[in-house]
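Asks: Below: sequence and its predicted model.
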Amino acid sequence: MWTLLKIELFKIFRRPRTYIAFAAIAAIIILIQLAFYSDGENFLQFGMQSLKESFDIKGKILSGYLVCFIILQTLLIHVPLLIALVAGDSIAGEANMGTLRLLLTKPVSRTRFMFAKFLATLIYTLLLLLFMAILSLPVSLSVFGSSDLIIMKSEMVVILDSHDVLWRYFAAFGFAAIAMTTVASLAFLLSVFAENSIGPIVATMSVVILFTILTTMDIPLFNAVKPFLFTNHMLNWKGFFEEPVNYKSIFKSGLLLMGHIIMFVSAAIFVFRKKDILS
Amino acid sequence: MPAIIRVQHLSKQFGEINAVDDLSFSVDKGEVYGFLGQNGAGKSTTIRMLLTLIQPTGGTIEILGLDLQKHRNEILRQTGAIIEKPDLYKYLTATENLRLFASMSGVKVSGKRISEQLEMVGLADRANSKVKTFSQGMKQRLGIAIALIHDPQLIVLDEPTNGLDPQGIADVRNLVLHLSKNLGKTLFVSSHLLSEIEQVADSMLIIDKGKKMAEGKVFELFGSSGSIVELKTNDNNEAIHKIMQSSWQNLIDKYDTDKILLKLNKEDIAVFARYLVDADIAIQSLSARHSLEDYFLTLTTSNQHVDAFKN
């Protein structure tokens, strides 16, 4: 299995397209940091206008923690597309290139082959998040410094002590890893059915967008299915930035996402084991 | 001689279509086995079943004396293959492709072994070039090197000369003969070109529409049937009129203003040539054709073709 995994990782990281996602994330994060560096104070003054009418806020508001929170909110909506680029390509891309038939004439069981493929996709997903975490947290902290984190919600303002923030980021990135792996496993499943990677990539994003719309629409017909839509749970990393943290809700979401991962990957392996390779 | 491949009553259906229909054959150790059929005859489907890419609808496959379903990995460890065109990782070099597929076969190959393989297929000077810079012929040769890198006992080559120039075709032919005669490998080579198989194969199997048409030693199969002979004259209408009046009329297979095709035994060709001269027919050319299509014609009754053509 280790040899297979090494082969898959070698293939992923020798492809120029793999680095598009890293470049895109770096560009977005650096742009946000630059924007806040040049005009962040004015932006925050404007954003907190209504709050300042009622409260007297003293001290530093623009900090590395706040910038990181804003980056996370922006990026975690777009990262699924970048993950689908590689996960959707994992099987369909091989079929499209014609290499799948040669690979499957080698003495490796299809189940092990699929596990290696999925593990490689998982590692790619985790590395992408790690890259994002390093650029957004330590870099933001070094540029903007640290202070208490003020998060404005529609109904309340949460103020977190600066000594009580870092662990929340670790937990949030951990949760985001589970959420992004769910997207990766969906793209991986759809990849089994296609012989061209565009199909699974577009289909994955379509599912994510459709489910997100269903999640946000407050219509009684959809309310019954909402708790089972994985998109409804993907943004629950924000739960770590509440006071007190609702661990039960986060844990439930995490379990549901992991259930989806197991279901998608099992289905992918089941279908692939039976599939006639005609590409 | 022990059979390396033994296929019994193999079939594959895609919906209503019988791609392979009750096919049985066996391949002996150390021989070059030609697998012939026109495009769409079921060759690639059969090869994909031999390599476990496609699940058969029925029948059994034994390779190296083992059941393919139960001992897939053991068998594939001893098998090298090219299926249709060799699609490789274009963004990797020739050496990286070789190393990658060798690892997939569970073999750690030395740099020396890789160099030897690239030397053998004439790609030593392109070892570190990316495959995307290769011509179709170079990819085909690299595909052959990949099929051989783990030193398999059985080598399956599906249309190995596709996309090659005449020199490339000759190189593949020599390589096939070298692997069989000098290294004792068993080769299963498919093609739609009879002439190609005839030059390298010891035995052959011909299929059409998924069914077996003929199987046996090459010299026996060609010895048992006649040839299709193509006649061109200065005036084909007059020639056909005269031949239709003669005892040769039943041997006419097809004709038009350009050429006349006849089904003749080899020993009758000279006699027929003498008849043409005696009948004062001005011959432009008289030659035996050697295509798979013609061979099929020699296996079947030709009268119906003649009637259809005349109508």
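Replies: Here it is on my side, so go on. Numbering: from 1, shown residues only, chains lettered A, B, ... in the order given.

Asks: Residue 232: neighbouring residues, count only.
Replies: Since you didn't name a chain, this refers to chain A. 18 (other CB atoms under 10 Å in any protein chain shown). Every residue, glycine included, has its C-beta placed from N, CA and C.

Asks: should've been chain B
Replies: The burial count for residue B:232: 14, using other CB under 10 Å.

Asks: The one 4 residues further on too?
Replies: Neighbours of residue B:236 under the rule other CB under 10 Å: 18.

Asks: how close does residue B:66 get to residue B:121?
Replies: Going from residue B:66 to residue B:121 by CB to CB, to the nearest Å gives 29 Å.

Asks: If you count surrounding residues, which of the two has more?
Replies: A count of neighbours by other CB under 10 Å puts residue B:121 above the other of residue B:66 and residue B:121, at 20 against 14.

Asks: That one against residue B:147, yeah?
Replies: No - counting by CB atoms under 8 Å, residue B:121 does not reach residue B:147; the two are 10.1 Å apart.

Asks: For chain A, name the helix or strand with the lowest mean pLDDT.
Replies: helix A:49-54 (a mean of 65; mean pLDDT, DSSP states H and E).

Asks: so what's the backbone phi/psi at the closest residue to residue B:51 other than its chain neighbours?
Replies: When the adjacent residues along the chain are set aside, residue B:51 lies closest to residue A:105, with 4.5 Å between them (CB to CB, 6 or more residues apart in numbering or on different chains). Phi and psi for residue A:105, reported as degrees, to the nearest 10, are phi -90, psi 10.

Asks: doesn't residue B:48 make contact with residue A:105?
Replies: No - using CB under 8 Å, residue A:105 is not in contact with residue B:48, being 9.1 Å away.

Asks: where do the contact lists of these two overlap?
Replies: Here residue A:105 and residue B:48 share the contacting residues residue B:83, scored by CB atoms under 8 Å, 6 or more residues apart in numbering or on different chains.

Asks: Can you tell me the closest non-neighbouring residue to residue A:256?
Replies: residue A:233 (5.4 Å).

Asks: can I assume the one you found is in contact with residue A:257?
Replies: Yes - contact criterion CB under 8 Å: residue A:233 and residue A:257 qualify, at 5.6 Å.

Asks: what secondary structure does whichever residue of the stretch 1-150 of chain B sits closest to chain A sit in?
Replies: The nearest approach of the stretch 1-150 of chain B to chain A comes at residue B:87, 2.6 Å away (CB to the nearest CB). Following DSSP: H, G, I helix; E, B strand; the rest coil, residue B:87 is assigned to coil.

Asks: what number of residues lie near residue A:240?
Replies: Residue A:240 - counted by other CB under 10 Å - has 21 other residues nearby.

Asks: Contacts only, for it.
Replies: A:168, A:171, A:172, A:175, A:250.

Asks: now with 10 Å?
Replies: The contact partners of residue A:240, by CB atoms under 10 Å, 6 or more residues apart in numbering or on different chains, come to A:160, A:165, A:167-175, A:246-247, A:250.

Asks: Kindly state the pLDDT recorded for it?
Replies: The per-residue pLDDT reported for residue A:240 equals 87.

Asks: again with residue B:115
Replies: Per the predicted model, pLDDT is 90 at residue B:115.

Asks: any low-confidence regions in the chain?
Replies: Answering for chain A, as no chain was given. Counting by pLDDT under 70, chain A has low-confidence residues at A:46-59, A:154.

Asks: try again with chain B
Replies: B:1, B:222-226, B:290-311.

Asks: mind checking the SS state of the closest residue to residue B:201 other than its chain neighbours?
Replies: Spatial nearest neighbour of residue B:201, excluding adjacent residues (CB to CB, 6+ apart): residue B:34 at 3.3 Å. Secondary structure, three-state DSSP: residue B:34 is strand.

Asks: Fine by me, thanks again.
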